[in-house]
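K.L.:
Sequence and predicted structure below; questions after.
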Amino acid sequence: MIRNRNISKAMTIKLEDTLKELPQLPEFVEGIRRAPKRSFTLTQKETKLALKNALRYIPEKWHKKLAPEFLDELLNMGRIYGYRFRPEQKIFGRPIYDYKGNCIEGKAFQVMIDNNLDFDIALYPYELVTYGETGQVCQNWMQYRLIKLYLENLTQNQTLVVASGHPLGLFSSPKEAPRVIITNALMVGTFDDQENWNRAAALGVANYGQMTAGGWMYIGPQGIVHGTYNTLLNAGRRQLEIPPEHDLAGCLFVSSGLGGMSGAQGKAVEIANSVGIIAEVDYSRIQTRHDQQWVREIVHDPGNAFELAKKYQDKKQGMAIAFYGNIVDLLEYAVKYQMKIHLLSDQTSCHAAYDGGYCPQGLTFEQRTELLKKDPETFKEYVNTSLRHHYELIKTLVDRGVYFFDYGNSFLKAVYDAGVTEICKNGKDPIDGFNFPSYVEDIMGPLLFDYGYGPFRWVCLSGKRQDLLKTDAAAMEIIDPNRRYQDRDNYIWIKDADKNDLVVGTQARILYQDAMGRMNIALKFNEMITNGEIGPVMLGRDHHDTGGTDSPFRETSNIKDGSNIMAEMATHCFAGNAARGMSLVALHNGGGVGIGNAVNGGFGLVLDGSDRVNTIIRSAIPWDVMGGVARRAWARNENSIETSITFNKTRKGTDHITLPFIPDENLIEDVVAKVFEGSRSFFD
Ligand SMILES: NC(=O)c1ccc[n+]([C@@H]2O[C@H](COP(=O)([O-])OP(=O)(O)OC[C@H]3O[C@@H](n4cnc5c(N)ncnc54)[C@H](O)[C@@H]3O)[C@@H](O)[C@H]2O)c1
């Protein structure tokens, strides 16, 4: 029989070596948000399995003490987080030089992980949730400690493999290979649903990585401000006929959510010079955004909210107003009193609506937490009733001329799940999409992703603000603002980035760029590192991009050749990035839209000023984007075809994209009509 003593001896990297004795249970700092209890439906047998699973990290001498403690966490929180193992000291992304490690990548990833768990950044830091209600860095604090230990040990000839937060181990690999490979929540098809995921998460074998939480590439709410700004500007241009050179002065945008990503809405509204009313049920989140000045006014009454908005609209002055209350109450008022709204959306965490992500009308935030804990089934009924009413209000507003779009939070899917089949284009299921557009379908997809513009980002690992300013200036030099209006928007964004005071946490920046823009900026940064102008830089991107994500309700909602249900682009992107030597590659299930609804991936590349990294930049960065453009072109997306034609020309001899021939629509109509003649009713 295998003895624990022998198991311990067989490992040189283990938790117990970092701990002289069992750490004390932490004092939870007051005011720091805590996750609600998660769905717990394990049987007695499964509960035993969950306990045994968690104790795998723990040396035998502590089992007696920890078994009841872990059981308590499981029963009260729905998960075993191992709170006792959370380090006592403040967690934040320190300068890279403060971390121990055998290679630069090992240290760089520790900066990123700690940044993801900073009290100022993470949504529920004690539960390792960075953002998006359920997006975790890893499942528990034992994994956190072990991952950090592995990163300290990692050399340039090893790869750390992380499966849903669990560090499987270090495996030898060439210097050119990725240093870290991460997967999160990838489930086998038959079991790829919320119920099985809940069970697997409670058992401690599945982690919901969202996009950049489990991919260790979150850079605070700034990460989404640029995308939100782009979305609002382009929604205005498309729907309100605002010319490209104008901003959104005088327009009113109404939405909900001031959380991890949704918290970007206020800031983006102001940068676009429009007025926004954002409903939020959790006052602590309003307070956070107000302290940051990402919302400037707080109101408690819908009437006051619209009155105040009107004042700033008339002055043509940008203003972000937080309404402390439920979005459904706000919309009820707007319908009743015929308020004029220009753009309308929603950013509650509907990808996890029944898990606390959507606060139903009639319950305060605190009551929602209580009911969720006591009676999840009744909570679900509340959510469904509220969503159905929410949908009816939106329909009325849209009939009156408001432009509503789904903001990638699975709102439309949640309404469908609440029993509203009429929300589907085909009236029965979501396979052909929904009656309202997703912001990607109408805006981000055709105007940005199809060209390859996406959320390129970097972190100055030195922690120095000066480095960030130098990289901002260098990136600005590379953009030609006169090429397209998208380039002008990006140029203005980076020019004003410092002024807009976007940094929370590490010295990070987001900048939408296309494939070649990203490559050229990366090469420039690496040159600056070689010359000693700046310290090392971590490059990455949001998964919410051209090529990394297959998500029919969001990123790939403007793919119309039927391949929107395929997940091959994200898989190719991940494999291709690994093959080209990105420092970190990640592939997840669920993204921002929930389990089974997306496969999404990202990367991290540590720039160290070397020629080796230049080679990676030249092959991996164009691939990361153009694989997506190629797929979009094959789906007959016009802007992608145009981008691919240019790519085939400029990269002749090195790259080549297959392009689709486009048949005449009339020809197709005629040919099909002839065959189906007389069977029209069947065909329709
Ligand atoms: N902005 C984007 O581009 C983008 C990108 C990816 C994902 N998302 C999706 O957007 C959603 C929000 O993301 P997040 O990180 O902000 O999540 P979050 O959970 O941190 O924030 C959502 C906020 O909505 C509030 N809320 C819930 N129900 C409400 C209601 N009925 N009325 C008013 N407020 C309510 C919650 O209190 C919470 O603060 C997620 O589903 C996420 O996946 C958005």
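P.N.:
Perfect, I can see it now. Numbers count the residues shown, from 1 in each chain.
K.L.:
Contacts only, for the residue in the stretch 251-400 of the chain that the ligand sits nearest to.
P.N.:
At 2.0 Å from the ligand, residue 259 is the closest residue in the stretch 251-400 of the chain, using Cβ to the nearest ligand atom. C-beta here means a position set from N, CA and C on the backbone, and glycine is covered the same way. The contact partners of residue 259, taken as Cβ atoms under 8 Å, 6 or more residues apart in numbering, are 123, 131-133, 280, 282, 285, 347, 349.
K.L.:
Show me which of those are buried.
P.N.:
Among these, the ones that count as buried by 16 or more other Cβ atoms under 10 Å are 123, 131-133, 280, 282, 285, 347, 349.
K.L.:
The residues you listed in strands, which ones?
P.N.:
131, 280 (DSSP state E).
K.L.:
Show me what whichever helix or strand residue 586 is part of is in contact with.
P.N.:
In the assignment (DSSP states H and E), residue 586 maps to strand 584-589. Here strand 584-589 makes contact (Cβ under 8 Å, 6+ apart) with 105, 109, 178-187, 192, 209-211, 214-217, 540, 543, 570-571, 574, 577-578, 595-596, 598-605.
K.L.:
Kindly report the same for stretch 21-33.
P.N.:
34, 62, 65-66, 83-86, 88, 119, 123-126, 282, 284-285.
K.L.:
Among these, name the ones in helices.
P.N.:
Among the contacts of stretch 21-33, the members falling in helices (DSSP state H) are 65-66, 284-285.
K.L.:
Quick check: which of the residues you listed are also close to the ligand?
P.N.:
Intersecting those with the contacts of the ligand gives residue 285 (criterion: Cβ under 6 Å from any ligand atom).
K.L.:
This structure against the ligand: which residues are in contact?
P.N.:
Counting by Cβ under 6 Å from any ligand atom, the chain sits next to the ligand at 123, 131-133, 224, 227-228, 256-262, 279-282, 285, 326-327, 347-351, 357-359, 365, 407-409, 544, 592.
K.L.:
List the buried residues of the helix or strand containing residue 395.
P.N.:
Per DSSP H and E, residue 395 falls inside helix 376-399. Buried positions in helix 376-399, judged by neighbour count with 16+ other Cβ under 10 Å: 376, 379-380, 382-384, 386-387, 389-391, 393-395, 397.
K.L.:
which residues sit against that helix?
P.N.:
39, 327-328, 331-332, 334-335, 341, 344, 346, 350, 353-354, 358, 360-363, 368, 371-372, 404, 414-415, 417-420, 423, 436.
K.L.:
now the residues you listed: which count as buried?
P.N.:
Burial by neighbour count, judged by 16+ other Cβ under 10 Å, picks out 39, 327-328, 331-332, 334-335, 341, 344, 346, 350, 353-354, 358, 360-361, 363, 368, 371-372, 404, 414-415, 417-418, 420, 423, 436 from the contacts of helix 376-399.
K.L.:
Which of the contacts of residue 259 sits closest to residue 510?
P.N.:
The closest of the contacts of residue 259 to residue 510 turns out to be residue 131 (Cβ to Cβ; 14.2 Å).
K.L.:
what's the nearest residue to the closest one if we skip its chain neighbours?
P.N.:
Excluding its sequence neighbours, the residue lying closest to residue 131 (Cβ to Cβ, 6 or more residues apart in numbering) is residue 260, at 2.7 Å.
K.L.:
OK, contacts around that neighbour?
P.N.:
Counted by Cβ under 8 Å, 6+ apart, residue 260 has contacts 123, 130-132, 135, 221.
K.L.:
Give me the nearest residue to residue 553, chain neighbours excluded.
P.N.:
Setting aside the residues directly before and after it, residue 553 is nearest to residue 593 in space (Cβ to Cβ, 6+ apart), at 5.1 Å.
K.L.:
how near is the one you found to residue 406?
P.N.:
10 Å (Cβ to Cβ, to the nearest Å).
K.L.:
Now the common contact residues for the two.
P.N.:
Contacts common to residue 593 and residue 406, judged by Cβ under 8 Å, 6+ apart, are residue 553.
K.L.:
tell me the SS of the residue in the stretch 401-550 of the chain that the ligand sits nearest to?
P.N.:
Going by Cβ to the nearest ligand atom, the ligand is nearest to residue 409 of the stretch 401-550 of the chain, at 3.3 Å. Judged by DSSP: H, G, I helix; E, B strand; the rest coil, the three-state class of residue 409 is coil.
K.L.:
and it, how many neighbours?
P.N.:
By other Cβ atoms under 10 Å, 32 other residues sit near residue 409.
K.L.:
can you give me phi and psi for residue 167?
P.N.:
phi -80, psi 110 (degrees, to the nearest 10).
K.L.:
Please shift the residue numbers so they start at 15 in all later answers.
P.N.:
That works, and once the first residue is 15, the last one we named lands at residue 181.
K.L.:
where exactly do the strands run in the stretch 465-614 of the chain?
P.N.:
Secondary structure of the stretch 465-614 of the chain (DSSP state E, counting those that start in this stretch): strands at 468-474, 522-527, 551-555, 563-564, 598-603, 613-621.
K.L.:
Dump those to JSON lines, plus distance to residue 499.
P.N.:
Shown next, in JSON lines, are the strands of the stretch 465-614 of the chain (distance: least, Cβ to Cβ, whole Å):
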{"stretch": "strand 468-474", "distance to residue 499": "17"}
{"stretch": "strand 522-527", "distance to residue 499": "12"}
{"stretch": "strand 551-555", "distance to residue 499": "22"}
{"stretch": "strand 563-564", "distance to residue 499": "25"}
{"stretch": "strand 598-603", "distance to residue 499": "32"}
{"stretch": "strand 613-621", "distance to residue 499": "27"}
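K.L.:
Mean pLDDT and mean neighbour count for these - can I get that in TSV?
P.N.:
Listed next are these as TSV, based on pLDDT from 0 to 100; neighbours: other Cβ atoms under 10 Å:
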stretch	mean pLDDT	mean neighbour count
strand 468-474	97	27
strand 522-527	98	25
strand 551-555	98	28
strand 563-564	98	29
strand 598-603	98	28
strand 613-621	98	29
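K.L.:
Tell me which of those sits nearest to residue 170.
P.N.:
strand 613-621 (10.9 Å).
K.L.:
elements contacting whichever helix or strand comes after the closest one?
P.N.:
Next helix or strand after strand 613-621 toward the C-terminus (DSSP H and E): helix 625-648. Where contact means 3 or more Cβ pairs under 8 Å, 6 or more residues apart in numbering; DSSP states H and E, helix 625-648 is packed against helix 529-544, helix 582-593, strand 613-621, helix 652-664.
K.L.:
Show me which residues of the longest one are buried.
P.N.:
Think helix 529-544. By neighbour count on 16+ other Cβ under 10 Å, the buried set for helix 529-544 is 529-537, 539-540, 542-543.
K.L.:
what's the angle from it to strand 522-527?
P.N.:
Interaxial angle, helix 529-544 versus strand 522-527 (axes from the mean of the first three to the mean of the last three Cα atoms, to 10 degrees): 140 degrees.
K.L.:
what does the shortest one give?
P.N.:
Between the axes of strand 613-621 and strand 522-527, defined by the same axes, to 10 degrees, the angle is 110 degrees.
K.L.:
quick one: strands adjacent to strand 613-621?
P.N.:
strand 551-555 (antiparallel), strand 563-564 (antiparallel), strand 598-603 (antiparallel) (DSSP bridges).
K.L.:
Residues in contact with the second one: which ones?
P.N.:
Which is strand 563-564. Contact with strand 563-564 is made by 225, 557, 569-570, 578, 580-584, 605, 612-615, as judged by Cβ under 8 Å, 6+ apart.
K.L.:
Is it correct that residue 234 falls within a strand?
P.N.:
No. According to three-state DSSP, residue 234 belongs to no strand; its state is coil.
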